[in-house]
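1. Mind looking at a prediction? Sequence and model below.
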Amino acid sequence: MAHGPAKGISRWLFTTNHKDIGTMYLWFSFAMFILGGAFAMIIRAELFQPGMQLVEPAFFNQMTTLHGLVMVFGAIMPSFVGLANWLIPMMIGAPDMALPRMNNWSFWILPPAFLMLASTLFMEGGAPAFGWTFYAPLSTTYAAPSVTFFIFAIHILGLSSIMGSINIIATVMNMRAPGMSYMKMPLFVWTWLITAFLLVAVMPVLAGAVTMMLMDIHFGTSFFSAAGGGDPVLFQHIFWFFGHPEVYIIILPAFGVVSQIIPAFSRKPLFGYDSMVYATAAIAFLSFIVWAHHMYTVGMPVAGELFFMYATMLIAVPTGVKVFNWVSTMWRGALSFETPMLFCLGFLVLFTIGGFTGLMLSIAPADFQYHDSYFVVAHFHYVMVAGAVFSMSAAVYYWLPKWCGKMYNETMGKTHFWISFVGFNITFFPQHFVGLAGMPRRIPDYALQFADFNMMSSIGAFIYGGSQILFLYNVVATIVAGKPVSDEKVWDGAEGLEWTVATPAPYHTFEVPPTIDPEHAHS
Amino acid sequence: MQGTINRALAPITKQQGTAALSKLTAAIFTAMAVFAGSAHSAGNDTSSVNMSPGVTAVGQSIFDLHMIILWICVVIGVAVFAVMFYSIIYHRKSRGVVPAQFHESTKVEIAWTVVPFLILIGMAVPATSTLLEIYDFEDAEMDILVTGYQWKWKYEYLNEDGDNVTFFSNLQTPQSEIYNSADKNENYLLEVDEPVVIPVNTKVRFLVTANDVIHAWWVPELAVKKDAVPGFINETWTLAEEEGIYRGQCAELCGKDHGFMPIVVKVVSQEEYADWLGDKQEEAAQVRELMAQTFTMDELMARGKEVYDRACLACHGANGEGGVGNAIAGSAVATGELGQHLNIGINGVAGSAMQAFGGQINDVEMAAVITYQRNAFGNNMGDMVQPIDVFNYKKG
């Protein structure tokens, strides 16, 4: 007899089932998305007009810091980990993750970490106010006492990420169904495998940075203080050695998602599978040697500037290959435009724009003018929101019927997409202009010439933020009262092992490994 | 002085309110016009949607570089999106097309790896030459040391004879404009009490550092942005070819008042610059004279209020009631031992927002403001501090 889930709360507390853990990750990340979004709404409300209206500058800085931290570490990363938990075993024909007990642990340490981070808001001196990049010495010598809690929280969520990554690496390397060679794995699995290696490589670097901060603050060391023989710029080198690969940690799984969905709705195999794999690996490699492009203005020797400029520009090549491959996948396909496809197309257009501004930013002399302006804010939101969040929305709509056996409301899904798409562009497109015109980022108040575009941005942000309520409603309504689906293959163009199991996906899948047709291409 | 920056400010009306909503459409069209048409030659309003070439040769090279890359991106973007939308329109399932099944082509894939690489080389060449130009610090005719403080800039003109001119440059926008109880003037948040003055057509080297946290000295029109790192000195330079007033802001998050740290550079003729420098040196001589004087209580109180409003009010409140900083009214420091009060005023409090003002305001001002704090806000201590007391205290 099939062994089902435990009853009550203990099912969730003690579960080792990849699907339960995936579900918890997804809900947790959505909660964080709403929290981080609420911080963003406060930021945009304050910036609606010139002058200080709602919050004080110190609180504004706390909002920008927490918005960044919560979105990166709380919303985007865990959402993709949730996706990985749900899908990787099902895509490679494994019964579960390789290390299920560790899997439980890596999820359950996350909520306390974020509870601790959020609780700094109520501490004396307020939450961290030094930006999500927490440059020393603002974050060491001049930080609020809550910085110690922030450091502890970073350590915990780093631990969680490393455990999650080890689990994914172990699963992909050891638990593929017989016959599934590496070059037959779905691209989502590939991108996550590479991402997991990136995580294992760089999370300890972040841990090192915050540990050095802790030493500087409490134990009298001077890693980041020139007065004691240290170097504030060292902090930035260490931070960005973590931080730049982190950007790809966020975007590579998104590439994977898009590479699954576009072929499905084009009813045509993915174009250039092999070059997609190589391009992903190339991007991952390059991500390690370009960190200082965040620091062109910090005072580097010209030879350093040139090296980092050339290396950064090179990233455009593999990224371009990926975009061309996606477009070629659509070429001469038979396209239909259900919600997941719409989000992928939105991704494709907006991420390409974000890529272009990234290329512009890579040019060091021009970056001197772009750096730390709203142009950069626009750029990375085009990459992070349109890249990661749009593809995540696509993923949820695409796999939701498989997860819960019910179909979401297509009209509501499409409405969600269009409001998001329009709201997103109203928010972030004008930020290119204010940036080029000279508006620095992270300021709570601005000169009058930036007023109109900021008002547009704020209106767009409220629209984009509001559209997420529709998303939440649609997902909940689907789970509670959606139209049941029983077809194994929910979408006619969908390929892959996850579409061979029953709908909804049973609690345990692949107790007996599936057989992979040796002639069959990757899927 | 009516440089590009003022043209950028020209279309500003006093307040926005709902008026901006109607401008929304107009703004989008302006934006589209800029990206579709000639970006700079149109002049006027476009500088608020595009980078300004500013008034230096380097700024012009950067602007050209920016436009070249932008257009390359636009062309590639149009090509990619055209193919994509062609598929979206003509290859839809609802038109009954049968999907092709091809899924690779080595030739095409090599082509779209090599061609972008060649385009990148094309971009790298002008980028490299511009970068080398920016890094050419040779032959600077004068040096100015720029030091970032939370939250103001200090400028020091480094002369070979050692007779340096030094001053702080603070935000001049009053709190009433920031908190919306007064109308905002056209240079809202972009005005300072003492601008940096440099001569036109002169290569000026800026040595940039910071006193506390990292700041960044950014004046877009002079094509200068450099981080100010405590403990290190960075260099950068400009050569302004047009007289005028150029405004910028701190570009690195530096704490609470990061948004209130403007930079104003006044580029003047050689003669005007010489006059200004002469005046400044004379002023310094006068302060030296004042140091030796003894002031009456009234004089100290009047001067002290002025200094308090400029340097202390933001943290300690208009009536000494406190805020970010402790209250002055009835405080243990202001009603306690004089030496301790002087110590805090001069050396600050380590690890807190209370800075060491000993290096920021002169001894006359220090004497006045300490006297003021001890006698205003109901403190009524009755004691006085003279400049010589401050001088002696500093000497130990």
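-> Perfect, I can see it now.
2. what residues does the stretch 1-150 of chain A put near chain B?
-> Applying Cβ under 8 Å from any Cβ of the partner chain, we find that the stretch 1-150 of chain A lies next to chain B at A:49-53, A:57-58, A:61, A:129-131, A:135, A:137-138, A:141-142. Placement of C-beta: from N, CA and C, glycine included.
3. I would like a PyMOL command selecting only the buried ones among the residues you listed, please.
-> Of those, the buried ones go into a single PyMOL selection, burial set by 16 or more other Cβ atoms under 10 Å in any protein chain shown:
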select buried, chain A and resi 49+50+51+52+57+58+61+129+130+131+135+137+138+141+142
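4. can you name the two of the residues of the stretch 1-150 of chain A next to chain B that are farthest apart?
-> Pairwise distances across the residues of the stretch 1-150 of chain A next to chain B peak at 34.0 Å for A:Gln49 and A:Thr141 (criterion: Cβ to Cβ).
5. the bottom helix or strand of the chain by mean pLDDT?
-> In the absence of a named chain, chain A is used. One helix or strand of chain A scores below all others by mean pLDDT, DSSP states H and E: helix A:9-13, with a mean of 91.
6. can you list the residues that contact that one?
-> For helix A:9-13, contacts defined as Cβ atoms under 8 Å, 6 or more residues apart in numbering or on different chains pick out A:Pro5, A:Asp20, A:Met24, A:Trp108.
7. 10 Å instead?
-> Residues from elsewhere that reach helix A:9-13 (Cβ atoms under 10 Å, 6 or more residues apart in numbering or on different chains): A:Gly4, A:Pro5, A:Ala6, A:Asn17, A:Asp20, A:Ile21, A:Thr23, A:Met24, A:Asn104, A:Phe107, A:Trp108.
8. gap between A:His432 and chain B?
-> 8 Å (Cβ to the nearest Cβ, to the nearest Å).
9. Next up, the contacts around that residue.
-> Residues counted as contacts of A:His432 (Cβ under 10 Å, 6+ apart) are A:353, A:357, A:360, A:370, A:373-379, A:382, A:453, B:31, B:35, B:49-50.
10. Ok, A:Thr357 next?
-> If you count contacts by Cβ under 10 Å, 6+ apart, A:Thr357 has them with A:370, A:375-376, A:378-380, A:382-383, A:432, A:435, B:69-70, B:73.
11. The helix or strand hosting it: which residues count as buried?
-> Element membership for A:Thr357, per DSSP states H and E: helix A:339-362. Neighbour counts using 16+ other Cβ under 10 Å place A:339-362 of helix A:339-362 among the buried residues.
12. All the strands of chain B, residue numbers only.
-> Under the criterion DSSP state E, chain B contains strands at B:142-149, B:152-158, B:165-169, B:196-199, B:204-210, B:215-219, B:224-228, B:234-238, B:244-250, B:262-268.
13. Over to chain A?
-> A:406-407, A:483-484.
14. So for chain B, which of the ones you listed sits nearest?
-> strand A:406-407 (18.5 Å; Cβ to the nearest Cβ).
15. The lengthiest helix in chain A: which residues count as buried?
-> Secondary structure of chain A read by DSSP state H shows that its longest helix is helix A:232-266. Neighbour counts over helix A:232-266 (16+ other Cβ under 10 Å) mark A:232-233, A:235-236, A:238-266 as buried.
16. what does stretch A:285-293 give?
-> By 16+ other Cβ under 10 Å, the buried positions in stretch A:285-293 come out as A:Leu286, A:Ser287, A:Val290, A:Trp291, A:Ala292, A:His293.
17. what number of residues lie near the residue of the stretch 151-300 of chain B at minimum distance from chain A?
-> Evaluated by Cβ to the nearest Cβ, the stretch 151-300 of chain B has B:Gly231 as its residue closest to chain A, separated by 2.1 Å. Residues within reach of B:Gly231, counting by other Cβ atoms under 10 Å in any protein chain shown, total 18.
18. Once you drop chain neighbours, what's closest to it?
-> In this structure, B:Gly231 finds its nearest non-sequential neighbour in A:Ala226, 2.1 Å apart by Cβ to Cβ, 6 or more residues apart in numbering or on different chains.
19. again with A:Trp491
-> With sequence-adjacent residues excluded and distances taken as Cβ to Cβ, 6+ apart, A:Trp491 is closest to A:Ala264, at 5.4 Å.
20. Return the distance of the one you found relative to A:Gly93.
-> As judged by Cβ to Cβ, to the nearest Å, A:Ala264 and A:Gly93 stand 19 Å apart.
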